[in-house]
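Trainee: model this:
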Amino acid sequence: DDDIGWLMHDFSCTNADDIHYTEIAERIRFFKEDDEGVRTMCRSIEEMLKEEKERNTLEFARQMIALGKNTIDDISKCTGLKVEEISRLASEARGKQ
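Mentor: Residues are numbered from 1 along each chain as shown. I've put the predicted structure just below:
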């Protein structure tokens, strides 16, 4: 029953009507109920997913390079990365050894 307790409560709520702090409730309503807010949230999530996929792809390429069993062309075909990008990653890997 203090400010921190209410804030913790509000962060766990999924329904804006259950939120104690009006500023948080208004933002939740915007991102969940307003068409512009929903589009904004969807774009943000799509961008985060895209960035995560890119990080995973780069890490996969680095692992393939480290194994040393695949050509740059093979890695490019498996990952969809450009040959130039694979070459750059391979150069970085050689520089760390």
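Trainee: every contact and neighbour count from this point should use C-alpha atoms.
Mentor: Will do.
Trainee: just the element for the one residue sitting closest to the centre of the chain, please.
Mentor: Centroid check for the chain by Cα atoms, centre = their mean gives M48 as the closest residue, at 3.1 Å. For M48, the element it lies in under DSSP states H and E is helix 35-67.
Trainee: so how far is the helix or strand that that helix is followed by from its chain's centroid?
Mentor: Per DSSP H and E, helix 35-67 leads on to helix 72-79 as the next helix or strand towards the C-terminus. Relative to the centre of its chain, helix 72-79 is centred 23 Å away, using Cα atoms, centre = their mean, to the nearest Å.
Trainee: buried residues, helix 72-79. List them.
Mentor: Residues of helix 72-79 classed as buried by neighbour count (16 or more other Cα atoms under 10 Å): I72, I75, S76, T79.
Trainee: my guess is the second one meets A61, correct?
Mentor: Yes. Counting by Cα atoms under 8 Å, I75 touches A61, with 6.4 Å between them.
Trainee: quick one on the thing from earlier: what's the angle from the helix holding M48 to helix 72-79?
Mentor: Helix 35-67 runs at 150 degrees relative to helix 72-79, counting by axes from the mean of the first three to the mean of the last three Cα atoms, to 10 degrees.
Trainee: for helix 35-67, packing partners?
Mentor: On a contact count with 3 or more Cα pairs under 8 Å, 6 or more residues apart in numbering; DSSP states H and E, helix 35-67 meets helix 22-33, helix 72-79, helix 83-96.
Trainee: could you check the angle that helix makes with helix 22-33?
Mentor: Using the same axes, to 10 degrees: helix 35-67 against helix 22-33 is 80 degrees.
Trainee: what about helix 35-67, average pLDDT?
Mentor: On average, the pLDDT along helix 35-67 is 96.
Trainee: sorry, back to before: what's the closest of the buried residues of helix 72-79 to T22?
Mentor: Using Cα to Cα, the shortest approach to T22 within the buried residues of helix 72-79 belongs to T79, at 46.4 Å.
Trainee: give the contact list for the closest one.
Mentor: Counting by Cα atoms under 8 Å, 6 or more residues apart in numbering, T79 touches T57, F60, A61.
Trainee: give me that answer again for 7 Å
Mentor: T57, A61 (Cα atoms under 7 Å, 6 or more residues apart in numbering).
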